[in-house]
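**Q** mind folding the following:
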Amino acid sequence: MTVCGIEIDPEKLMSKQELLDFLRDVGGNDCGLSDIRSRYAKAFGKELTWRYPISDGNYMGTVIVAVREGFLGLPYDFVDREVYEIYELDNAHLLDAESVVRFILDFEEFANDLLGAMGDMMRILV
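**A** Numbers count the residues shown, from 1 in each chain. Here you go, the predicted structure:
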């Protein structure tokens, strides 16, 4: 599979279960995920994790991680000053095409709204 212009052998990625077991062992938070990011960056030249800091209506945000089976969504509802996102590991799930399309549309709407508001702010302040 090709991700961010890099050809990746999925067999070299952690499986969903391996990743979840690892995160459970290290506290289920973003600091623990940093070990995976480093491992992936060394092996593939990219961390292969992406923060999606927009609520899907159920959670505050999601971190997406490449795994052997595809892409794993790690939802979170709490961010701690020291360990950052604390994942809802029992609700982690593999993303399907429909959920990725929803992420794309929601992100575009969020970004366009924010850019429009900031443009208005700039015009008012100048």
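**Q** in the helix ranked longest in the chain, what's buried?
**A** In the chain, assigned by DSSP state H, the helix with the most residues is helix 97-125. Neighbour-count burial for helix 97-125 flags 99, 103 (criterion: 16 or more other CB atoms under 10 Å). Placement of C-beta: from N, CA and C, glycine included.
**Q** average pLDDT for that helix, rounded please.
**A** Mean pLDDT, helix 97-125: 97.
**Q** so how far is it off the chain centroid?
**A** 18 Å (CA atoms, centre = their mean, to the nearest Å).
**Q** ditto for stretch 117-126
**A** 31 Å.
**Q** repeat for stretch 85-95
**A** 10 Å.
**Q** and for stretch 3-10?
**A** 17 Å.
**Q** please renumber so the chain begins at 838
**A** Okay, residue one is now 838; in that scheme the one you just asked about reads as stretch 840-847.
**Q** now the end-to-end length of that stretch.
**A** Using CA to CA, to the nearest Å, the end-to-end distance of stretch 840-847 comes to 11 Å.
**Q** buried residues in it?
**A** Buried, per 16+ other CB under 10 Å, within stretch 840-847: Ile845.
**Q** neighbouring contacts of that stretch?
**A** If you take CB atoms under 8 Å, 6 or more residues apart in numbering as the criterion, stretch 840-847 is touched by 838-839, 881-883, 885, 903, 905-906.
**Q** apart from its chain neighbours, what residue comes closest to Asp917?
**A** Spatial nearest neighbour of Asp917, chain neighbours left out: Ile923 (6.0 Å); criterion: CB to CB, 6 or more residues apart in numbering.
**Q** list the residues that contact the one you found.
**A** 865-867, 913-917.
**Q** alright, I will stop here.
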